[in-house]
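In: model the following, please.
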Amino acid sequence: MGPAVEAHQVLTVIGHPHRWELLSQLARSDRRVGELTHLVGQPQNLVSYHLRELRDAGLVSSRRSSFDGRDSYYRLDLDRCGRLLCDTAAALHPALRFEPSGGPSPRRRGRAPRILFLCTGNSARSQMAEALAEGRYSPAIQARSAGSHPKALHPNAVKVMSERGIDIAANATKHLRRFERSHFDYVVTLCDKVREVCPEFPGEPAAIHWSMPDPAAEGSTDDETFPAFERTAEELEVRIPQLIARVFASQGGTADDR
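Out: Residues are numbered from 1 along each chain as shown. Next comes the predicted model:
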């Protein structure tokens, strides 16, 4: 499929108002079909049809919920959207060629925004997310993590972060109750199970969900699960900069993503 045809296709796909609204919702958070039906005010069969069109275009993917296996979460591939829109502009005229941003630049305006990452055990996903956000964007942001049922830090989480130059070996795992009176700007749940029990935090922080499977559940030994930890780290390395870009954009005083 040539670039011109692909450019024409992406404009046709995203140009439909219902599909654009679905993309806008998924740009904020992973969602189930029932949630999208409510958010866009359209019947489920119509939402499912447009989601299928977006999946066929490679813009949206789905994962089976770890909380309810009968349900699925949909996720927007924001990087692919960016690349396709760049190709679309270049296909119209070479002078319009541009590249997606390599990542957000920290903007200090007042206090640093605070982000809380949550998963069930606080032993892998949320620890890795906190480490990547803090390690690469502090002091422009403050990141913390916790779990609904904390357990020991997984050695593979330590290993994959060490390979990225971040040492989390001495990190303690924490119960989310520790932060129930704390103010955050964003609360990010990385586990379908913890999303269902996530309490309300003071100040009505923006709630974001990333439906990410537990890498420790993909094998019975550390060697067997390590590839899953690598995939988790790679996904977080894509999603964290996207989140930080959203955080910095909102520092200008807009609240449309809350």
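In: what helix or strand is residue 212 on?
Out: Secondary structure assignment for residue 212, by DSSP states H and E: no helix or strand.
In: can you read off the backbone torsions of it?
Out: Main-chain dihedrals, residue 212, degrees, to the nearest 10: phi -120, psi 130.
In: what's the closest non-adjacent residue to it?
Out: residue 190 (4.9 Å; CB to CB, 6 or more residues apart in numbering). Just so you know, the C-beta spots here come from the backbone N, C-alpha and C atoms, and that holds for glycine as well.
In: hmm, that neighbour is touching residue 125, no?
Out: Yes - using CB atoms under 8 Å, residue 190 is in contact with residue 125, at 4.4 Å.
In: please enumerate the strands of this structure.
Out: With strands called from DSSP state E, the chain shows them at 31-32, 60-64, 72-76, 114-119, 142-147, 186-189, 206-209.
In: avg pLDDT for the third one?
Out: Read it as strand 72-76. Averaging pLDDT along strand 72-76 yields 96.
In: gap between that strand and the chain center?
Out: 10 Å (CA atoms, centre = their mean, to the nearest Å).
In: could you number the chain from 40 rather than 1 from now on?
Out: I'll keep to 40 as the first residue from here, and by that count the last item is strand 111-115.
In: between strand 99-103 and it, find me the angle.
Out: 150 degrees (axes from the mean of the first three to the mean of the last three CA atoms, to 10 degrees).
In: can you list the domain ranges for the protein.
Out: Recorded structural domains for the chain (assignment: automatic domain parsing) are 42-135, 153-289.
In: single out the most deeply packed of the ones you listed.
Out: Burial of the domains of the chain is given as mean neighbour count (mean count of other CB atoms under 10 Å); domain 153-289 ranks first at a mean of 19.
In: can you measure across that one, start residue to end residue?
Out: For domain 153-289, the separation between the terminal residues is 13 Å (CA to CA, to the nearest Å).
In: lowest-confidence stretch among the domains of the chain?
Out: For the domains of the chain, mean pLDDT drops lowest on domain 42-135, to a mean of 89.
In: and that one, how far out from the chain's middle?
Out: Centroid separation for domain 42-135 versus its chain: 15 Å, with CA atoms, centre = their mean.
In: taking strand 111-115 as reference, get the angle to the longest helix anywhere in the chain.
Out: Ranked by residue count and defined by DSSP state H, the top helix of the chain is helix 261-289. For helix 261-289 against strand 111-115, the angle by the same axes, to 10 degrees is 60 degrees.
In: kindly calculate the angle that helix 261-289 makes with strand 181-186.
Out: Using the same axes, to 10 degrees: helix 261-289 against strand 181-186 is 140 degrees.
In: what is helix 261-289 packed up against?
Out: Contacts defined by 3 or more CB pairs under 8 Å, 6 or more residues apart in numbering; DSSP states H and E place helix 261-289 against helix 164-176, helix 194-201, strand 225-228.
In: got a list of what residue 255 touches?
Out: Applying CB atoms under 8 Å, 6 or more residues apart in numbering to residue 255 gives the contacts 160, 162, 163, 193, 195, 264, 267, 268.
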